[in-house]
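**Student:** One predicted model, sequence on top.
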Amino acid sequence: MSVRKAIQFFSRNEVYPFEDICLRVIKLCNSKSLKQGICVHSPVIKLGLQENLFMNNNLLSLYAKCFGAEYARQFFDEMPCRDVVSWTGLVSAFTRNGEHGEALGVFDSMINSGQCPNQFTFSSVLRSCSGLRDFDGGIRIHAYVIKLGFEPNPILLNSLIDFYAKCGLDEEACRIFRDMDSCDSITWTTIISSFVQAEQWSLALQHYVKMIQDNVPPSEYTFAKLLAASCFLGSNYGKLLHAHLIMLGIRMSLILKTALVDMYSSCQKMEYGIKVLHETPEYDALLWTSVISGFTQNLKVVEAFAALHEMEFFGIVPNSFTYSNILKACSTVSLLDSGKLIHSRVIRTGLEDDLSVGNALVDMYMKCSNQIEDGLRAFNGIASPNVISWTSLIAGLAEHGFEQECFWSFMQMQAVGVEPNSFTLSVILRHCSTMKSHRQTLELHGYIIKTKRDFDIVVGNALVDTYAALGMVDHSFRVISMMRQRDAVTYTNLATRMNKLGLHGVTLGVISQMRKDGVKMDGFSLASFLSASAALSTLETGKQLHCYSIQSGLRSSPSVSNGLVDLYWKCGCANDAHRAFEEISKPDVVSWNGFISGLALNGYISSALSAFDDMRLAGLEPDSATFVSVLFACSRSGLVDLGLEYFHSMRGRYKITPQLDHYVCLVDLLGKAGRLEDAMEVIVTLPFKPVPLIYKTLLSACKLHKNIPLAEDMSRRGLELDSSDPTFYLLLANLYEECGLSELGKKTRQQMRDKGLRKNPAQSWMELKGKVHIFNTGDSSHPQITQIHDKIVSLITEIKKRGYSYGDTEGSSHHSEKLAVAFGLLNTSSNAPIRISKNIRICSECHEFIMLVTRLIDRVIIVKDGNRIHTFSKGECSCRGCS
């Protein structure tokens, strides 16, 4: 019987009593979730049928299905009497709606009213406990279940498995599962689904294997959950599951097609996803939306729009989620005009009031438009902004640099009753790190503790990152120690920030912490550790990380591959660096930049410039970083005209606006060539405000060419910008002394001391058997210091005995690089290269000393000082006298 016929039958008032007719109509509408059934509520009241509990329970269910939990709550409050079905219906309504706190509140009221719950009540309440990860509440419900004798019930056992898995108690979930008398496909799918939602991907797959071994046939829903796990485990697992469902003859339903497309898109294999899409002629809006979402995730925006047109060609009408995803595609690559076009289509289709579309519009306008008013207008068009709306607004305000408005919006969202979630807090914490807002960060941390959000791993990771970005390293470690759970992101954030602070030793120390926590490195954390090893030139540690990358399957990760190239270049291992680069299947711009930079760093200038040409021949356009490396190569080898040609080609040929780093390289290039006036002209005509570095660069060139007047001018200008930098005093004092003006040199050094400034102490280090040995100039704390000094004296004696011209200055025997060289000769095998790093430039006297040492002894000594690598062999250096 159709609804229309039922209502006509009701109006004709034939055969059946009114009450029975009303009940039949409501039951029919409830079974089909049809809103028209609500029209019966009015005659029910008029006819005085409100006492019919069965009818009221059906009406309650209909309100919940068609109008939401709040309408159901209003009807529930007006019911003259209620039973367990009534209470369970309302609890279930809030649970389905994701309002888990409300669901638990209704359950408490039910218990207080004296009504005894049934298995369906407990099932809904346990789902709410799972949703909130409310362990204490779930334990209480489990106790009720045992007390009332419901524990053998399969429905409740499935709910308990789900609860314990989502709360991270895998052993308890598995124990309940093992104790069940018989496990059907639904039970197996439940535990697999629970582990997937709890992000226990490997456990989910392990249970699938056991399911097959127990001869329990998986359903399409089992595979849908497993494919969701494969999104995180990699395409190989996904392909295996795809093959298995074909082998088992599982029908390719829309649910499976959508899950497969999601899996292949997350694994960046959209070509396979498209094959699955067209495998059967069945399509729906959800499937096409997954395709569009997949293209968007893979930054294939043109293909995303093409999929939208193809979807409409097949007669599938885009829904709100389709438009949300295509707007996200516009946000990804800043397609403002396309976003506006989609906005107009949204209005024409009557979806402008949809919340998900409104949120996507706020995000799109905030990311694509230079006018913040566009984003604000989209936000104000949302009738009831939710937490996603507010988070998008706050992120947009932060991105546009509106600091006060960002924090005001954060306060305002709470004032209107919208609680920030972990992503909101992450966004505003990231803004604090960008704006260097120490006070705001501490206040937010207080709020996070007060609202008990400090146990959320996303928030914890954001706090670790923010404190580290602000240089508050102790606070970062304190947050980590208090986190209940830590993951690879936690340690990647910490390692990345430690590298930026120059605390590379601390970064490498993070590896042992990860091992203690049982957290495996991912591609990003491994890349951070490789970067730290490269900065310290700790080759042994770097090689261990290289081995781990192969064992873990992370070697092919772009960030890891590029990190290995960088490591070997900075350790002076040219052959290994070449090999690491050649093993990259498709080098991108970052790969080429690292390769060119490494060649220039090691003094292979011709090869660096040839690699630049090879990069272009490979079809890749150089970027800003590429030209920094190329200009550095030209500067290091004195190729002035070629360097100028590259510099001018940036704007003319490649449409790249030169930045500060390029101008510093240009000043260095001209200055070293003796074209000091041209270098000064570059500084005077800079398109932005000069920084101390550019004055130091020209001051170094003045020292090289002994131009005192210009050097004094550069020193004065640099100190006006940064009066606390001792480098200006030291360079100028050294110039005076080299020109025979020792009194001016002493006076300049005295001025530096009067201002309380000190020269950064020279420090050299080398790695031996996994331990880093540090040497400071003049330091005598090393346990082998006596043997080291004796070795230096014997080397100098032998150099002079052989008749080589060498003049060691007073105290130079205690220079850190000499101490490190002597230590290396004493403690390494005769055929092993000695690798040393130094925090400042090697002095000319030590440079000459090491060259002569390699003439006496057939050893290769590699010294990394700042942005240069000196490879000493047979009395020569790779720098060929260029500094």
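**Tutor:** Nice, thanks for sending it over.
**Student:** Please compute how far the helix or strand that contains Leu260 lies from its chain's middle.
**Tutor:** Using DSSP states H and E, Leu260 falls within helix 254-266. Centroid displacement of helix 254-266 relative to its chain, using Cα atoms, centre = their mean, to the nearest Å, is 24 Å.
**Student:** Please name every helix or strand in contact with it.
**Tutor:** helix 220-233, helix 235-247, helix 270-277, helix 285-297 (3 or more Cβ pairs under 8 Å, 6 or more residues apart in numbering; DSSP states H and E). Bear in mind the C-beta positions are built from the backbone N, C-alpha and C, glycine included.
**Student:** Nearest residue to Pro726 in space, please, no chain neighbours.
**Tutor:** What sits nearest to Pro726 in space, not counting adjacent residues and going by Cβ to Cβ, 6 or more residues apart in numbering, is Leu757, at 4.2 Å.
**Student:** That neighbour: neighbour count?
**Tutor:** Residues within reach of Leu757, counting by other Cβ atoms under 10 Å, total 17.
**Student:** quick one: Arg758 and Phe313, what's the gap?
**Tutor:** According to Cβ to Cβ, to the nearest Å, Arg758 and Phe313 sit 73 Å apart.
**Student:** Leu554 now?
**Tutor:** 41 Å.
**Student:** And for Ser123?
**Tutor:** Counting by Cβ to Cβ, the separation of Ser123 from Phe313 is 43 Å.
**Student:** same question, Ala304
**Tutor:** In terms of Cβ to Cβ, Ala304 sits 15 Å off from Phe313.
**Student:** between the two, who's got more neighbours?
**Tutor:** Neighbours per residue, other Cβ under 10 Å: of Ala304 and Phe313, the larger number sits with Ala304, 23 against 8.
**Student:** isn't that one right up against Trp288?
**Tutor:** No: taking contacts as Cβ atoms under 8 Å, Ala304 lies outside contact range of Trp288: 10.7 Å.
**Student:** Which stretches in the stretch 651-800 of the chain count as helices?
**Tutor:** Secondary structure of the stretch 651-800 of the chain (DSSP state H, counting those that start in this stretch): helices at 660-672, 676-684, 692-705, 708-721, 727-738, 742-754, 785-801.
**Student:** how about low-confidence regions in this protein?
**Tutor:** Applying pLDDT under 70 to the chain flags the ranges 1-19, 21-23, 25-26, 28, 30-50, 808-813, 881-883.
**Student:** so what's Ala822 up against?
**Tutor:** Neighbour list for Ala822: 787-789, 791-792, 795 [criterion: Cβ atoms under 8 Å, 6 or more residues apart in numbering].
**Student:** what's the nearest residue to it if we skip its chain neighbours?
**Tutor:** Closest to Ala822 by Cβ to Cβ, 6+ apart is Lys791, at 4.0 Å.
**Student:** same deal with Gly502?
**Tutor:** Ala535 (7.8 Å).
**Student:** which secondary structure element contains that neighbour?
**Tutor:** Here Ala535 is assigned to helix 523-536, by DSSP H and E.
**Student:** repeat for Leu341
**Tutor:** Using DSSP H and E, the element containing Leu341 is helix 336-348.
**Student:** In terms of secondary structure, what does that helix contact?
**Tutor:** Counting by 3+ Cβ pairs under 8 Å, 6+ apart, helix 336-348 packs on helix 320-332, helix 355-368.
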